[in-house]
Structures are given as structure tokens and as C-alpha cells.
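Peer 1: Here's my sequence, what's the structure:
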Amino acid sequence: MNPKIRKIDIEYEKNAAKITELQERQRELEKLRLELENLDIIGIVRNMGLTPDQLAALIQASKTAAPSGTPERKEGADHVEN
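Peer 2: Reported below is the predicted structural model:
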């Protein structure tokens, strides 16, 4: 086999392994971020003393009271605040 092809194949395999490792780490980080966001939300709700029913009613009321021109958040949409 051509030595240049062999060298490229070796580098290709190394890169593929790194990509797989980084993708796994990315999924772990996403999971950790979501868990921390959920804990923050739970803490806020508990500090406000809301029951689950009251929280649901508050969220529902905020959806119906959103002024026109305000984009509504779609289910599953990613939202990043800086």
C-alpha cells in the first residue's frame, strides 16, 4: 500500500476516535447542564411556595397573556441566554 495512504488512514482513525470521544463528552455536558437548569427551576418554584397545580396555572396564564409580537417558545426549541 502507498505509504501516504497508510499515513492518512492512521490520522483518519485517530480523528474519528477523537470525534467520538468529543461527541460523548458533549452529550454528558448537555445532560449536566439540563440537570442544573432543572434544579434552578425547582429551587425558584419552591422559594415562591407554589404547588405543582399553581405552577401549571401560572405557566398557562403566561402563555395566554403573551403580547402579540412576542415570539412564543416552541416545544423543544433551544434557548440560550448570555
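
Peer 1: Relative to residue 24, how far out is the residue positioned nearest the centre of the chain?
Peer 2: With distances taken as C-alpha atoms, centre = their mean, residue 30 lies nearest the centre of the chain, 5.1 Å away. Distance, residue 30 to residue 24, by C-beta to C-beta, to the nearest Å: 11 Å. Glycine gets a C-beta too; all of them are placed from N, C-alpha and C.

Peer 1: What strand or helix carries residue 66?
Peer 2: Under the criterion of DSSP states H and E, residue 66 resides outside all helices and strands.

Peer 1: do you know how far it is from residue 59?
Peer 2: 11 Å.

Peer 1: Who has more neighbours out of those two?
Peer 2: Applying other C-beta atoms under 10 Å to residue 66 and residue 59 shows that residue 66 carries more neighbours, namely 12 against 9.

Peer 1: could you point out the longest helix in this protein?
Peer 2: Counting residues, the longest helix found in the chain (DSSP state H) is helix 3-48.

Peer 1: what element comes up after that one heading to the C-terminus?
Peer 2: Immediately after helix 3-48, counting by DSSP H and E, sits helix 52-64.

Peer 1: got the phi/psi numbers for residue 2?
Peer 2: Backbone torsions of residue 2, given as degrees, to the nearest 10, read phi -60, psi 130.

Peer 1: Can you check the pLDDT for it?
Peer 2: At residue 2, the model reports a pLDDT of 93.
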